[in-house]
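Q: Predicted coordinates and the sequence they were generated for:
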Amino acid sequence: MRSTLGSQGKCNSRVGAAVHGVRLFSKRVTRAKSRVSTGRARGVVTRGTLDVRRNGSQALVKDGFDDLEMQNGLCVLNQKYSPELIREKVLSSPGEVVNLMGRGVQVGLEFGVYFGKLLLDSALSDDSSEKVKERAGELRGLLTRLGPSYIKAGQVLANRPDVLRADYMNELVILQDDVPAFPNEEAMSIIEQSVGQPIGEIFSSVSEKPVAAASLGQVYRATLRSTGEDVAIKVQRPNIEPVIYRDLFLFRFFAGFINGWAIKQLGTNAQLVLDEFAIKLLEELDYKQEARNQMDFYENYRGDPYVYIPKLFTEYCSNRVLVMEWVNGVRCTDPQGIVEAGIDVEEFIRVGVVGGLRQLLEFGLFHGDPHPGNLFAMRDGRIAYIDFGNVAQLSNRNKQILIDAVVHAVNEDYVGMAGDFINLGFLAPGTEVGPIVPALETIWSDCRDQSMVNFNFRTVTDQFNKLVYRFPIRIPERYALVIRSLLTQEGICMTMDPDFKFLEVAYPYVAKRLLTDDDPILRERLIQVLFQDGVFQWNRLETLLELASEAPSKGRKLDLSDTIVDGAKVMLTDGALRTALLDALTQDNRLHLDEITRLATRLQGTVEPRVVVDSALRQGPAFARSMLLQWSQRVMARDAAGARIRTQHAAAVEPAGHGLVTEQRTQEQKAEIRCGGGVSQQGGPHFL
């Protein structure tokens with residue numbers, strides 16, 4: 001992984017060694033925690049990087065789909081898709097083949113008429129904004145008529161600037177909230193078949209109409225007869241699985257025809273985009289998987305003062321029906337209702353943003369569809385999430401690369417940022433990044449020139465979208481979900497508060513994590529942020545402290561006691577970092593007393609002396625043993641090196657009678673004797 005301080009010769013060797021020292025020390029002290037990172041040892045539910053479950057002929061696929069499975073350490077939640085599996089299902093019998101052909105004719109006619117209109121517009125040179133809006137509306141209607149697969153495709157395309165132009169995206173966003181419902185009689189029948197009992201035996205009441213309808217299902221409000229609790233019943237649309245399989249087959253079939261054009265014109269593998277879409281669609285179709293997702297979110301946020309996840313009634317859940325606790329709150333589609341409910345809008349916005357950032361940077365398991373209909377403001381100020389069908393997992397490697405990208409952005413390391421594009425899958429491996437570096441510098445410089453008051457996340461994405469059409473950039477589905485998630489949350493916040501600025505909330509959270517999290521990876525990134533070109537950045541440390549103190553904390557003040565203890569450990573064991581920090585006190589040929597005074601003032605109230613002393617007394621013996629072990633290992637290494645050199649020297653002595661002894665030793669031998677045991681000029685041991 002690229003290190004900002006170690007790249008392109010920018011780094012002072014002492015600081016580079018310091019970063020390396022922190023990494024080694026962190027691995028020794030927190031090896032077990034490092035292995036699980038944000039896993040279960042920290043109370044976070046994650047899935048293993050190799051959680052890819054395939055069977056039968058699925059394992060035989062040898063096309064771009066295999067690359068999709070393995071790229072960038074993606075954690076697959078519960079894979080049910082492969083091109084071979086889809087092919088087997090839709091071609092399993094003559095009847096299925098006939099159904100497939102009929103569906104193909106229906107889709108072909110619908111799109112044939114639509115594309116005919118587009119060709120006519122082109123022939124007449126009619127590209128007015130009114131005509132474009134009309135055609136975008138017709139496309140939305142077309143996708144709605146063709147059913148769930150196409151509605152879901154429209155929802156996805158509404159967030160893919162690398163595939164669709166902005167005016168069409170704006171029209172397709174409507175599909176996220178405006179989908180026709182299916183008949184109640186069919187829904188009640190599905191519920192009874194699922195639970196195996198008449199509805200009246202389980203529920204004392206059920207709403208006459210669905211309270212919400214989506215592409216794959218709809219929701220009813222009900223009351224459990226056994227406990228009197230209000231619940232939400234989510235019912236899948238009838239007979240949609242065979243239709244979705246046919247649609248996915250047709251999607252991939254036609255994608256093969258346009259693949260060459262897509263790669264050449266858009267820098268995008270059309271079949272790969274389709275495979276990403278199909279994986280997520282079949283995950284959403286599996287309500288048992290959605291139930292697992294919801295339970296994982298419930299565990300991740302257990303005890304969280306800001307976020308509420310409704311509990312599941314698993315005894316009534318199946319692959320077509322979910323029953324969960326009813327959320328008593330105000331949907332974020334009703335910002336005026338939130339205000340009228342007496343909820344502190346500013347605080348609600350802050351906790352909502354922090355809740356979303358925790359999903360990305362701590363858990364790695366994040367909600368991929370946090371549109372206003374899936375978010376509720378509760379009376380106590382918490383934010384509640386529902387609908388966990390569209391959930392994505394970022395592996396630890398992906399999270400580390402995202403953190404690297406943040407560090408590179410802070411340090412204005414544009415070559416490093418371009419490398420992150422490859423590591424994240426935005427650019428193909430081996431892509432020449434030279435041309436993209438100046439573009440990144442221009443875009444980021446323009447964004448940084450704006451004050452935080454005028455800066456928002458859409459500013460960055462709008463600028464980034466320009467790169468998509470200039471370079472062979474493909475946005476992987478999981479990062480399209482990340483972008484969609486952040487943009488959606490920012491849009492919700494700006495609806496409730498037009499003056500909301502994303503970074504005013506995000507910066508304090510990130511700063512607090514960098515300063516207080518004991519993850520060794522974040523400790524290393526903190527050092528990379530504080531040093532640039534081998535020079536300690538006093539202003540960055542002051543800014544981090546100031547921002548961290550602003551992070552939402554439910555009345556709990558910023559506590560840097562553990563950070564001070566960890567920093568002291570590293571200072572004692574890492575000579576390179578210790579020297580670099582001492583140099584920082586006198587850099588630019590002056591003593592930085594003003595900076596030290598400001599930091600001391602800023603730290604007041606953030607460090608508990610009792611905690612520091614208790615931690616030192618508790619961890620002191622183990623820490624001393626660790627240092628003694630390191631010292632003994634170095635002494636043993638020195639003795640072994642000396643013995644090896646003496647043996648080599650004795651072997652160099654000529655046979656008896658000649659009286660000649662070879663005096664010469666190689667530079668490497670001398671260096672090994674001098675440095676191998678860590679012996680100082682006074683002959684005593686030192687640790688680094």
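A: Thanks, I have it.

Q: Looking at S194 now. What's its pLDDT?
A: S194 is assigned 90 on the pLDDT scale.

Q: right, and it touches S318 too?
A: Yes: between S194 and S318 there is a contact under Cβ atoms under 8 Å: 4.3 Å. For the C-beta atoms, the positions are set from N, CA and C on the backbone; glycine is no exception.

Q: Please point out which parts of stretch 302-319 sit buried.
A: 304, 306-310, 312-313, 316-318 (16 or more other Cβ atoms under 10 Å).

Q: Could I get the full set of strands for the stretch 151-300 of the chain?
A: 203-206, 212-213, 217-224, 230-236 (DSSP state E, counting those that start in this stretch).

Q: Please, where are all the helices along the stretch 451-600 of the chain?
A: Residue ranges of the helices in the stretch 451-600 of the chain, as given by DSSP state H, counting those that start in this stretch, are 457-468, 477-496, 502-516, 520-530, 538-548, 561-573, 575-585, 593-603.

Q: TSV for these, including distance to R358?
A: Formatted as TSV, those follow (distance: least, Cβ to Cβ, whole Å):
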stretch	distance to R358
helix 457-468	17
helix 477-496	12
helix 502-516	8
helix 520-530	14
helix 538-548	15
helix 561-573	19
helix 575-585	29
helix 593-603	25
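
Q: out of those, nearest to P242?
A: Counting by Cβ to Cβ, P242 lies closest to helix 477-496 out of those; the figure is 24.0 Å.

Q: what angle sits between the closest one and helix 502-516?
A: 120 degrees (axes from the mean of the first three to the mean of the last three Cα atoms, to 10 degrees).

Q: relative orientation of helix 477-496 and helix 457-468 in degrees?
A: 140 degrees.

Q: quick one: buried residues of helix 477-496?
A: Neighbour count says helix 477-496 has 477-494, 496 buried, by 16+ other Cβ under 10 Å.

Q: How about stretch 509-521?
A: Buried residues in stretch 509-521 (16+ other Cβ under 10 Å): 509-517, 519-521.

Q: pull the CA atoms of it into PDB?
A: C-alpha atoms of stretch 509-521 as PDB (Å, rounded to 0.1, in the frame of the first residue of the first chain):
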ATOM      1  CA  TYR A 509     -15.700  12.900  13.200                       C
ATOM      2  CA  VAL A 510     -12.600  11.900  11.100                       C
ATOM      3  CA  ALA A 511     -10.400  14.000  13.300                       C
ATOM      4  CA  LYS A 512     -11.700  12.400  16.400                       C
ATOM      5  CA  ARG A 513     -11.100   8.900  15.000                       C
ATOM      6  CA  LEU A 514      -7.600   9.800  14.000                       C
ATOM      7  CA  LEU A 515      -6.700  11.100  17.400                       C
ATOM      8  CA  THR A 516      -8.500   8.600  19.600                       C
ATOM      9  CA  ASP A 517      -8.900   5.300  17.700                       C
ATOM     10  CA  ASP A 518      -6.300   2.600  18.800                       C
ATOM     11  CA  ASP A 519      -6.400   0.900  15.400                       C
ATOM     12  CA  PRO A 520      -2.700   0.700  14.400                       C
ATOM     13  CA  ILE A 521      -3.600   1.600  10.800                       C
END
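
Q: Of the buried residues of stretch 509-521, which is the nearest to V437?
A: V510 (24.5 Å).

Q: quick one: that closest one and T543, what's the gap?
A: According to Cβ to Cβ, to the nearest Å, V510 and T543 sit 11 Å apart.

Q: for G256, same thing?
A: 52 Å.

Q: same deal with P242?
A: 57 Å.

Q: and what of H371?
A: 33 Å.

Q: Looking only at neighbour counts, state which of the two leads.
A: H371 (21 against 14; other Cβ atoms under 10 Å).

Q: Of all the helices and strands in this structure, which has the lowest average confidence?
A: helix 31-36 (a mean of 36; mean pLDDT, DSSP states H and E).

Q: What helix or strand is G419 located in?
A: Per DSSP states H and E, G419 falls inside helix 414-423.

Q: burial measure for M295, as a count.
A: The number of residues near M295, taken as other Cβ under 10 Å, comes to 16.

Q: ok, now which ones touch the residue nearest to it when sequence neighbours are not counted?
A: Nearest in space to M295, with sequence neighbours left out and distances taken as Cβ to Cβ, 6 or more residues apart in numbering, is L312 at 6.3 Å. Going by Cβ atoms under 8 Å, 6 or more residues apart in numbering, L312 touches 291, 294-295, 298, 322-325.

Q: how about 10 Å then?
A: Applying Cβ atoms under 10 Å, 6 or more residues apart in numbering, we find L312 in contact with 231, 290-292, 294-295, 298, 322-325, 388.

Q: Next, format the helices of the stretch 451-600 of the chain as TSV and append mean pLDDT and distance to V345.
A: Converted to TSV, those look like this (pLDDT from 0 to 100; distance: least, Cβ to Cβ, whole Å):
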stretch	mean pLDDT	distance to V345
helix 457-468	70	19
helix 477-496	77	5
helix 502-516	71	13
helix 520-530	73	31
helix 538-548	70	22
helix 561-573	64	32
helix 575-585	69	42
helix 593-603	74	29
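
Q: looking at the ones you listed, which is closest to Q633?
A: When the helices of the stretch 451-600 of the chain are compared (using Cβ to Cβ), the closest one is helix 561-573, at 13.4 Å.

Q: And Y168, how far from L593?
A: Y168 is 60 Å from L593, by Cβ to Cβ.

Q: what about the residue nearest to I151 when sequence neighbours are not counted, distance to G389?
A: Spatial nearest neighbour of I151, excluding adjacent residues (Cβ to Cβ, 6+ apart): S215 at 4.1 Å. From S215 over to G389 the distance is 10 Å, taken as Cβ to Cβ.

Q: so V535 touches H592, yeah?
A: No: counting by Cβ atoms under 10 Å, V535 does not reach H592; the two are 11.8 Å apart.

Q: what is in contact with the two at once?
A: In contact with both V535 and H592: A584, using Cβ under 10 Å, 6+ apart.
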